[in-house]
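In: next one to model:
(one chain, ligands or ions: 2)
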Amino acid sequence: MTPDFYSRLPKAELHLHIEGSLEPELMFALSRRNRIAIPFASVDDIRAAYRFTDLQSFLDIYYAGAAVLQTEEDFHDLAAAYFDRAAADGVVHAEIFFDPQTHTHRGIPMGVVLDGLFAAIEGARSRHGMTVELILSYLRHLDEEDAFATLRAAEPWLDRIVGVGLDSSERGNPPAKFARVFAASRERGLKLCCHAGEEGPPAYIREALDLLAVDRIDHGNRALEDPALVARLARTAMTLTVCPLSNVALRNVDRIEDHPIDRMLDLGLRATVHSDDPAYFGGYIAENYRAVAEARRLSRDAVVTLARNSFLGAFLDDAALADHLARLDRFVAADVAAT
Ligand code: HPA
Ligand SMILES: [Zn+2]
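Out: Numbers count the residues shown, from 1 in each chain. Ligands and ions are numbered 1, 2, ... in the order given. Okay, here's the model as predicted:
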């Protein structure tokens with residue numbers, strides 16, 4: 001493999017919270033631009049706060065940081081910075097989460113968030129040739145009625161949103177709590193994703209399948225505790241969007257050397273690698289590939305399988321999928337010839 005293999009490998013990003021790409025430098029700049037106080041005196045201060053013990057300790061800082069996002073321009077700048085980094089990391093297609101309730105609850109209208117994101121998406125297309133889809137993610141620590149209100153607020157833009165997701169504090173907020181709003185989302189033609197089995201038990205993954213009828217599971221690591229569930233996920237080719245650096249930062253995996261990504265592939269799971277909240281967890285998607293591939297000594301074939309799975313798991317039409325897979329094959333053939 002050539003040295004820049006991981007960043008040149010064509011891939012799809014399927015698990016990225018746009019608010020989690022807010023780098024400390026931009027957080028600081030926006031806090032000044034918008035005169036929003038943050039509990040940090042400097043960029044170094046912000047970085048020093050990024051020592052997490054679990055999901056909730058991260059979410060507390062993540063929601064506090066998002067308070068600096070106020071205007072359409074802020075959302076544009078946030079997403080444009082992410083797309084530039086993603087393009088440099090070989091991302092050719094991205095399906096990104098945004099958390100509307102984090103903003104609407106602060107009085108920021110849905111249209112401000114979306115117009116900023118749409119402008120950045122247009123820039124990603126024209127500057128990088130990248131295709132981008134948006135996934136509206138409901139916050140699971142809030143109630144289902146709030147999720148319904150969010151779906152209603154997004155109604156004017158639903159033709160430009162590919163799907164919905166479920167994120168935030170997993171324990172104590174099972175998928176079952178959102179069965180009706182997921183059914184309503186499906187009726188509106190939206191694809192369905194759900195964070196499950198990051199901290200929550202395998203039973204939450206089963207609920208996401210049985211009660212929400214999801215198209216994709218985000219994380220899914222704890223399926224490994226339940227062999228019958230693993231067999232079902234493998235048999236149905238359910239995509240699991242795995243985030244190695246996130247798993248270590250949030251202490252769901254002790255060390256990157258202990259990450260189960262190769263076990264997942266060996267069990268026949270359609271696992272893929274993604275970045276989750278890269279500004280907080282120490283690396284964007286290529287760094288997630290590099291870190292887990294080196295720590296687990298993955299073969300080139302295994303790494304290419306992860307990238308192939310990212311396209312197979314994406315919400316692409318057949319023609320676009322075929323194009324992406326053909327480009328991946330050409331990349332691999334050229335890399336093999338060069339080494
Ligand atoms: O890693 C995550 N897990 C759950 N909710 C989230 N919201 C942003 N990132 C995450
Ligand atoms: Zn996530």
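In: who's in contact with stretch 217-225?
Out: 15, 165, 167, 193-202, 205, 208-209, 229-230, 233, 238-243, 247, 252-253, 260, 263-264, 267, 269, 271 (C-beta atoms under 8 Å, 6 or more residues apart in numbering). Where you see a C-beta, it was placed from the backbone N, CA and C, and this is true even at glycine.
In: now with 6 Å, please.
Out: 15, 193, 195-198, 202, 205, 229-230, 233, 238, 240-241, 260 (C-beta atoms under 6 Å, 6 or more residues apart in numbering).
In: helices - which of the residues you listed land there?
Out: Mapping these onto helices (DSSP state H) picks out 202, 205, 229-230, 233.
In: pick the one among the residues you listed closest to R125.
Out: L233 (33.1 Å; C-beta to C-beta).
In: number of residues surrounding that closest one?
Out: 25 (other C-beta atoms under 10 Å).
In: what's near enough to touch it?
Out: 223, 269.
In: where does pLDDT dip in the stretch 1-150 of the chain?
Out: Within the stretch 1-150 of the chain, the segments meeting pLDDT under 70 span 3.
In: for ligand 1, what's its nearest residue on it.
Out: Going by C-beta to the nearest ligand atom, ligand 1 is nearest to H17 of the stretch 1-150 of the chain, at 4.1 Å.
In: just the stretch 151-300 of the chain next, same as before
Out: Closest point on the stretch 151-300 of the chain to ligand 1, by C-beta to the nearest ligand atom, is D167, at 3.5 Å.
In: can you show me the helices along the stretch 101-250 of the chain?
Out: With DSSP state H, counting those that start in this stretch as the criterion, the stretch 101-250 of the chain has helices at 110-128, 144-154, 179-187, 202-210, 227-235, 244-249.
In: how about the residues of the stretch 151-300 of the chain near ligand 1?
Out: 167-168, 195, 198, 246, 276-277 (C-beta under 6 Å from any ligand atom).
In: what's the most distant pair in those?
Out: Within those (distances taken as C-beta to C-beta), the two that end up farthest apart are S168 and S246, at 14.1 Å.
In: neighbour-wise, which of these two wins?
Out: Higher neighbour count among S168 and S246: S246, with 28 against 20, using other C-beta under 10 Å.
In: so who does that one touch?
Out: Counting by C-beta under 6 Å, 6+ apart, S246 touches 276, 281.
In: strands along the stretch 51-200 of the chain, start to end?
Out: 91-98, 131-139, 163-167, 191-196 (DSSP state E, counting those that start in this stretch).
In: of the ones you listed, which is nearest A64?
Out: strand 131-139 (14.7 Å).
In: contacting residues around the helix or strand H324 falls within?
Out: Using DSSP states H and E, H324 falls within helix 318-338. Surrounding helix 318-338, the residues in contact under the criterion C-beta under 6 Å, 6+ apart are 2, 10, 304, 307, 311.
In: restricted to buried residues, select these in ChimeraX.
Out: Those of the contacts of helix 318-338 that count as buried under 16 or more other C-beta atoms under 10 Å are selected in ChimeraX with:
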select :10,304,307,311
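In: would JSON lines of the contacts of helix 318-338 with distance to R125 and secondary structure be doable?
Out: As requested, the contacts of helix 318-338 are exported to JSON lines (distance: C-beta to C-beta, whole Å; DSSP: H, G, I helix; E, B strand; the rest coil):
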{"residue": "T2", "distance to R125": "28", "secondary structure": "coil"}
{"residue": "P10", "distance to R125": "16", "secondary structure": "coil"}
{"residue": "V304", "distance to R125": "26", "secondary structure": "helix"}
{"residue": "A307", "distance to R125": "21", "secondary structure": "helix"}
{"residue": "F311", "distance to R125": "18", "secondary structure": "helix"}
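In: okay then, goodbye and thanks.
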